[in-house]
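Student: Build me a structure from this.
(one chain, ligands or ions: 3)
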Amino acid sequence: MAALQAILPNYFTLANVSSSSSISAKRPVTITCCASPATSFPASAAAEALNGSAVERSEVRIGLPSKGRMASETLDLLKDCQLSVRQVNPRQYVAKIPQISNLEVWFQRPKDIVRKLLTGDLDLGIVGLDTVSEYGQGSPELIIVHDMLEYGDCRLSLAIPKYGIFENVNSISQLVQMPQWTSEKPLRVATGFTYLGPKFMKEKGLEHVAFSTADGALEAAPAMGTADAILDLVSSGTTLRENNLKELEGGVVLESQAVLVASKRAVIERSAVLTTTHEILERLEAHLRAVGQFTVTANMKGRSAEEVAERILSQPSLSGLQGPTISPVFCKRDGKVIVDYYAIVICVLKKDLYTSVQQLRGIGGSGVLVSPLTYIFDAEPPRWADFLTRLGH
Ligand SMILES: Nc1ncnc2c1ncn2[C@@H]1O[C@H](COP(=O)(O)OP(=O)(O)OP(=O)(O)O)[C@@H](O)[C@H]1O
Ligand SMILES: O=P(O)(O)OC[C@H]1O[C@H](OP(=O)(O)OP(=O)(O)O)[C@H](O)[C@@H]1O
Ligand SMILES: [Mg+2]
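Tutor: Residues are numbered from 1 along each chain as shown. Ligands and ions are numbered 1, 2, ... in the order given. Got it, this is the predicted structure:
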């Protein structure tokens, strides 16, 4: 019950923001203070919403994006970690991952994944950090387990037109100092980020600002005359460019990519969630570490393994994970078994491959074979220790 009470205030905040203080295009809201936690929401309603499902479930539930740009890349990443999701058709919202028998996959919209982690209906989820930050509202109930899944890279950034009164405005401080913004005529910002937006503007000292929201194509708002600025996700910058908009120095609210997030309460109260989180994290870490590297094997003439090792370690790109593995290559000459050559195995960063091959050749390497790596399982990943610390273990 104590754990339950600990998360209730955040649940109320979320409920309050989406009901009483919701921001709409029809009714722009001048921000005087940013999303303050409300306490008027009836505790019994939230307790009821939280009750039961999380506590009684023995299965572990992970939420994955059901649609949009994150959906297929999430499934691809899990597949690369040998965690293939068995989904018979895209309209099926629950699926299994055969490798982890007690794991249920629930396909949901990214924002609903975060909401359901907060209410206890999901235990784990993969979504963009922007979505966790916007819908999680800094709740301590959400813990990021892996913060760099290496896809879905984008930034939440403020942008203004390149023309008109903004022609010479290039930084957020210049925008704040513009005399145009008053309580009667605030800066109008279109955004889908109605929690992070006001919070950011307040932090930057912009007093007179009104927000409106829409579900997409926000970049059209300034040219349409319905907003002065937009706060939206930017990746390549093409959409901004095509709409004659520019980002501002100091205007990035957050840098985002896909993350694995857990419900703190689920992990603390149910050991199956902790065990499954550990397995998923281990697989992700091992895979993500491996994708950036190749295994390189080569033959090298030498007098001894030590002498070959010295030659290899004299080269900056050839030290491998811990150092080279060197094995003697036995051959028979004049009826005698001798060792003239050594086989060496090292891991090299993909970006350093060509340099490494050149360095190997330079010290007498031949027959260089390069193979992809599937996993690098090291000692316990540092992210696991970090996760346990944040759990208070
Ligand atoms: N242009 C982009 N490039 C890379 N990643 C992005 C980009 N836009 C969004 N993302 C990431 O992908 C996530 C999902 O975005 P997506 O557009 O698929 O869904 P959505 O905007 O939440 O929903 P919808 O567009 O269907 O209303 C975002 O939360 C963000 O983390
Ligand atoms: O910097 P870029 O690479 O051009 O990407 C940025 C665009 O991508 C997202 O929109 P999305 O494609 O998801 O469409 P939406 O507006 O319908 O969400 C985001 O909202 C921007 O509009
Ligand atoms: Mg989108």
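
Student: next one: stretch 190-198 to chain centre, how far?
Tutor: Distance of stretch 190-198 from the chain centroid (C-alpha atoms, centre = their mean, to the nearest Å) equals 20 Å.

Student: What's the end-to-end length of that stretch?
Tutor: Start and end residues of stretch 190-198 are separated by 11 Å (C-alpha to C-alpha, to the nearest Å).

Student: what do you get for stretch 312-319?
Tutor: 7 Å.

Student: can you list the residues of the stretch 151-300 of the chain near ligand 2?
Tutor: 216, 217, 219, 232, 233, 234, 235, 236, 237, 238, 239 (C-beta under 6 Å from any ligand atom). (Each C-beta comes from the backbone N, C-alpha and C, glycine too.)

Student: for the record, mean pLDDT for the biggest strand by length in the chain?
Tutor: As assigned by DSSP state E, the longest strand anywhere in the chain is strand 336-349. Strand 336-349 carries an average pLDDT of 91.

Student: For it, name the packing helices and strands.
Tutor: Helices and strands touching strand 336-349, by 3 or more C-beta pairs under 8 Å, 6 or more residues apart in numbering; DSSP states H and E, are strand 293-301, helix 305-313, strand 325-333.

Student: Please work out which of those is packed deepest.
Tutor: strand 293-301 (a mean of 19; mean count of other C-beta atoms under 10 Å).

Student: what lines up beside it in the sheet?
Tutor: Sheet pairing for strand 293-301, assigned by DSSP bridges, gives strand 336-349 (antiparallel), strand 365-372 (antiparallel).

Student: All the strands of the stretch 51-200 of the chain, in order from the start?
Tutor: 60-65, 94-96, 103-108, 124-128, 142-146, 154-161, 187-191 (DSSP state E, counting those that start in this stretch).

Student: Just the CA atoms from the fourth one would do, formatted as PDB, please.
Tutor: The reference is to strand 124-128. Output in PDB follows, covering the C-alpha atoms of strand 124-128 (Å, rounded to 0.1, in the frame of the first residue of the first chain):
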ATOM      1  CA  LEU A 124       7.800  -2.600 -19.100                       C
ATOM      2  CA  GLY A 125       7.700  -0.600 -22.300                       C
ATOM      3  CA  ILE A 126       9.700   0.500 -25.200                       C
ATOM      4  CA  VAL A 127       9.000   4.100 -26.400                       C
ATOM      5  CA  GLY A 128      10.800   7.300 -27.200                       C
END
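
Student: Would you point out which residue of the stretch 51-200 of the chain is nearest ligand 2?
Tutor: residue 69 (6.1 Å; C-beta to the nearest ligand atom).

Student: How much space separates that residue from residue 128?
Tutor: Remark: distance between residue 69 and residue 128 (C-beta to C-beta, to the nearest Å) = 9 Å.

Student: Who has more neighbours out of those two?
Tutor: Just comparing residue 69 and residue 128: by other C-beta atoms under 10 Å the higher neighbour count belongs to residue 128, 26 against 14.

Student: The more buried one: what's it in contact with?
Tutor: 70, 110, 152, 154, 256, 257, 258, 259 (C-beta atoms under 8 Å, 6 or more residues apart in numbering).

Student: sorry, back to before: pick the most buried one from the strands of the stretch 51-200 of the chain.
Tutor: Among the strands of the stretch 51-200 of the chain, strand 124-128 has the highest mean neighbour count (mean count of other C-beta under 10 Å), at a mean of 27.

Student: so how far is that one from its chain's centroid?
Tutor: Here strand 124-128 shows a centroid-to-chain-centroid distance of 8 Å under the convention C-alpha atoms, centre = their mean.

Student: For it, give the mean pLDDT please.
Tutor: Averaging pLDDT along strand 124-128 yields 98.

Student: Is ligand 1 within reach of it?
Tutor: Yes: using C-beta under 6 Å from any ligand atom, we find that strand 124-128 touches ligand 1 at residue 128.

Student: which other residues reach stretch 61-77?
Tutor: Contacts of stretch 61-77 (C-beta under 8 Å, 6+ apart): 78, 85, 87, 93, 103-110, 112-113, 116-117, 121-128, 149, 151-152, 258, 280, 284, 287.

Student: Span of that stretch from start to end?
Tutor: Chord length of stretch 61-77, first to last residue, is 18 Å (C-alpha to C-alpha).

Student: I appreciate the help and will end here.
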